[in-house]
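Asker: Coordinates for the following, if possible.
(2 chains)
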2 protein chains.
Amino acid sequence: MTRYSRADALAADAADPLAGRRDAFDLPAGLIYLDGNSLGPLVRASAARVDAVVADQWARGLVTSWNTAGWMDLPLAVGDRIAPLIGAGPGEVAAMDTLTIVLAKAIGAALELRPERSTVLTDAANFHTDLYILEAMARRARRPLRVRALDREDLLGALDESVALVMLTHVDFRTGEMLDLPGLTARAHQAGALMLWDLAHSTGAVPVDLAGADADFAAGCTYKYLNGGPGSPAFLWVAPRLVADVANPLPGWLGHARPFDFESAFTPAPGIRGLVTSTPSILALAALDGALDVFDGVDLAAVRAKSLALTDLFITLVEERLPGALSLVTPRDHARRGSQVAWRHPAAFGIVQALIARGVVGDFRAPDIARFGFAPLYVRFVDVLDAVEHLAAVLEGGEHLDARYATRPAVT
Amino acid sequence: MTRYSRADALAADAADPLAGRRDAFDLPAGLIYLDGNSLGPLVRASAARVDAVVADQWARGLVTSWNTAGWMDLPLAVGDRIAPLIGAGPGEVAAMDTLTIVLAKAIGAALELRPERSTVLTDAANFHTDLYILEAMARRARRPLRVRALDREDLLGALDESVALVMLTHVDFRTGEMLDLPGLTARAHQAGALMLWDLAHSTGAVPVDLAGADADFAAGCTYKYLNGGPGSPAFLWVAPRLVADVANPLPGWLGHARPFDFESAFTPAPGIRGLVTSTPSILALAALDGALDVFDGVDLAAVRAKSLALTDLFITLVEERLPGALSLVTPRDHARRGSQVAWRHPAAFGIVQALIARGVVGDFRAPDIARFGFAPLYVRFVDVLDAVEHLAAVLEGGEHLDARYATRPAVT
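Answerer: Now for the predicted structure:
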């Protein structure tokens, strides 16, 4: 690649079909935000939606808003807006709970669908909460179950007829590696196992086609590339061909077929509604609902194309500008790359902190990874260029070696 | 009682030590809100707190707010503000999840503490979601367990050494009957059982002393008398003498001892923090945090005294003004009354709807109950007087028999 100039970056931004979406975000002036894979920024419509819920629906409508303002239906209504981003249909997705709780529901339900099988498989490098909840739910299955958390390359070899469920995260939170969702789903099915995908690091950044892949269960969070706000609700999808046979392991009144008849026995509402448990935060759902406005009419193929262009550019510029300084962890292969770029460096924590001090926000993952997320709806090509210049200044000036960054706090 | 006049009501309001708290609420002008036992009204400080989170902490601070704005600690910080309302100490309460999920954690944890016992007891008239989740968690215990949902008067007789756990709701959501929390806890303990209290209809309206009663587990919701907003987080308390032995049945990364070390094995954080699962809605917690301002410095004995005075007055005035028209369901005995009054009437649905049309908001519970909640921090004695006059006008004018109310919708 020849030297990429500021004019090149500005030209790429001018030609970007998604460039107009950036105005929907309330971004701090001058900040280069490359951490949307952790917490997406505020979409202006979210603030307006939350304000309307608080000042109007809650303050004026009070309890009647459960019906008049559509609060009862919000988990599914918001789910319907997530559905097209993951290859799901209307009425198939519910937004609710936290991701770990939603994973618990999917795991518990899946294990009951394969009662004769004794193993669950996952990736040893999975996000840790996924490992914790998988262990916990396996322990509570009504039979002895063995959880095997294996190295990624050993997964296929372990797929035999003992496997009830395979649970994988589509894009690795640390490395940004993207797994082959349709291929692995097919392999799991060949072995008669069910497949649960965690889409936390995919949804909104990478096109996902759950129906096309014939997946069984999927869950994800909405505060990353969907910009739903800190701790915004998770979502759950169950394949329509399975949902009628799925029992909610954590049933509650809102998932009842007749929630206001207050019946003593649980009769699930049909479809994904039966997987809803109890009263969701309407403020949290409203913020997410507003944030989803920014995806209206967006072509996910364009999102993916820009994501790859941004991450390609970042990798190329870092390696040109700072040859050998950082070790690339994220796959170069487009088919195996999500929407983030991770680098290994012994002083990764100091690098991330020094960049934050310069207004370039990425994040650190122990022990030695600096992560940078590229959200195509608001990150520009010129941001990539500027971020690399800041990174070069940090490394060349030794800013990352500042004594303040020598020990990292327990919470980062 | 001699005829109670408007002057009497105004004098009672003038003498009310809690009268000043009403200004903290954003109540619609002219509305008499007697449904704070379903959804509390907006506290002005909640709106301000949510706005600060959205416009400042989220929009400006972005991901760094997890540390700089104290988001990581919010479940316990908010829990610490609930603690004094339920007789709990600092660091003993976490605000998180929905009530059903929190109950699942308490039930699952309690059942593991009594592995040799085979029965769980509850009240057949318990709130239905409590019954659903109790059944579901008992089914997932690692041994056969029998759930006995009994009539209230049969509970003590069934308390034998087979009982692992007794799960009861302190104040009945339908009748407003308050159970003897210390007495029943002691009886459960005599039988060697653990005691889990659902405080949904108590917290903020009725003094609760969990430590004094030596209770084991308690959970509650915060959108009723705590005014946390629609679907605001639930809370969980575990007795300090038990918490070190309690395992979270739904573990997640936020309850890990070292959440940012991303360890493959779950090592719980000490105390109630180990019962936190994953990323909570910060907007929902912020609204609740703001709402709790209204309890700062409030004497719960004064709250209880006013609650009883309001419900006494309502019962007396209804029976004087409309003798024999409605059948009182709520106990007259103060020791057995929560902070609501429920009446039975064949046209209860029509009565509630006709009152709402007049600006007096109560609610209906199938099949024939009209419920009125009295939240002492904003309901006035003059509201009680006016509500009874509206009720009389409804019944005397036959407004409740309007054809619009002949059939009630599925969702009310």
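Asker: what's the following helix or strand after the biggest helix by length in chain A?
Answerer: Looking across chain A with DSSP state H, the single longest helix is helix A:300-321. Downstream of helix A:300-321, the next assigned helix or strand under DSSP states H and E is strand A:327-328.
Asker: Sheet-wise, list the partners of the next helix or strand after that next one with their directions.
Answerer: Sequence-wise, the next helix or strand downstream of strand A:327-328 (DSSP H and E) is strand A:340-344. For strand A:340-344, the paired strands and their directions (DSSP bridges) are strand A:327-328 (antiparallel), strand A:369-373 (antiparallel).
Asker: Let's verify residue A:165: helix, strand, or coil?
Answerer: strand (DSSP: H, G, I helix; E, B strand; the rest coil).
Asker: Okay, strands next: where are they in the stretch 101-250 of chain A?
Answerer: Applying DSSP state E, counting those that start in this stretch to the stretch 101-250 of chain A gives strands spanning A:119-123, A:146-150, A:163-169, A:194-198, A:217-220, A:234-238.
Asker: which stretch among those comes nearest chain B?
Answerer: Nearest to chain B, of all the strands of the stretch 101-250 of chain A, is strand A:146-150, at 6.9 Å by Cβ to the nearest Cβ. Backbone N, C-alpha and C define where each C-beta goes, glycine included.
Asker: In CSV, list the C-alpha atoms belonging to that closest one.
Answerer: The C-alpha trace of strand A:146-150 is given here as CSV (Å, rounded to 0.1, in the frame of the first residue of the first chain):
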residue,chain,number,x,y,z
ARG,A,146,-20.1,-32.9,31.5
VAL,A,147,-19.0,-29.5,30.3
ARG,A,148,-16.1,-29.6,28.0
ALA,A,149,-14.4,-26.2,27.4
LEU,A,150,-11.9,-27.0,24.6
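Asker: for stretch A:329-336, which positions count as buried?
Answerer: By neighbour count with 16 or more other Cβ atoms under 10 Å in any protein chain shown, stretch A:329-336 contains the buried residues A:329, A:330, A:336.
Asker: Does the last one touch residue A:181 like I think?
Answerer: Looking back up the chat, that one is residue A:336. No: the pair residue A:336 and residue A:181 does not pass the contact test of Cβ atoms under 8 Å, sitting 11.5 Å apart.
Asker: contacts for the longest helix of chain A?
Answerer: The contact list for helix A:300-321, computed with Cβ atoms under 8 Å, 6 or more residues apart in numbering or on different chains, reads A:1, A:3-4, A:12, A:16-18, A:85, A:204-207, A:325-326, A:328, A:330, A:332, A:334, A:337, A:339-341, A:343, A:372, A:374, A:376-377, A:379, A:381, A:384-385, A:387-389, A:391-392.
Asker: orientation of that helix relative to strand A:340-344 in degrees?
Answerer: If you take axes from the mean of the first three to the mean of the last three Cα atoms, to 10 degrees, helix A:300-321 sits at 30 degrees to strand A:340-344.
Asker: chain center to helix A:300-321: distance?
Answerer: Taking Cα atoms, centre = their mean, to the nearest Å, one finds helix A:300-321 lying 19 Å from the centre of the chain it belongs to.
Asker: Please point out which parts of that helix sit buried.
Answerer: Result for helix A:300-321 [16+ other Cβ under 10 Å]: buried residues A:300, A:303-304, A:306-315, A:317-318, A:321.
Asker: sorry, back to before: please tabulate the buried residues of stretch A:329-336 in JSON lines, including the columns pLDDT and distance to chain B.
Answerer: Shown next, in JSON lines, are the buried residues of stretch A:329-336 (pLDDT from 0 to 100; distance: Cβ to the nearest Cβ, whole Å):
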{"residue": "A:329", "pLDDT": "97", "distance to chain B": "15"}
{"residue": "A:330", "pLDDT": "98", "distance to chain B": "18"}
{"residue": "A:336", "pLDDT": "98", "distance to chain B": "22"}
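Asker: Among these, which one sits closest to residue B:274?
Answerer: When those are ranked by distance to residue B:274 (Cβ to Cβ), residue A:329 comes first, at 31.6 Å.
Asker: Tell me who's in contact with the closest one.
Answerer: A:174, A:175, A:176, A:342, A:343, A:344, A:369.
Asker: from the residues you listed, which is closest to chain B?
Answerer: Looking across the contacts of residue A:329 and measuring by Cβ to the nearest Cβ, the closest to chain B is residue A:174, at 8.0 Å.
Asker: My guess is that closest one contacts residue A:342. True?
Answerer: Yes: between residue A:174 and residue A:342 there is a contact under Cβ under 8 Å: 6.3 Å.
Asker: Give me the more crowded residue out of those two.
Answerer: Neighbour comparison, residue A:174 and residue A:342: the larger count goes to residue A:342, with 25 against 17 (by other Cβ atoms under 10 Å in any protein chain shown).
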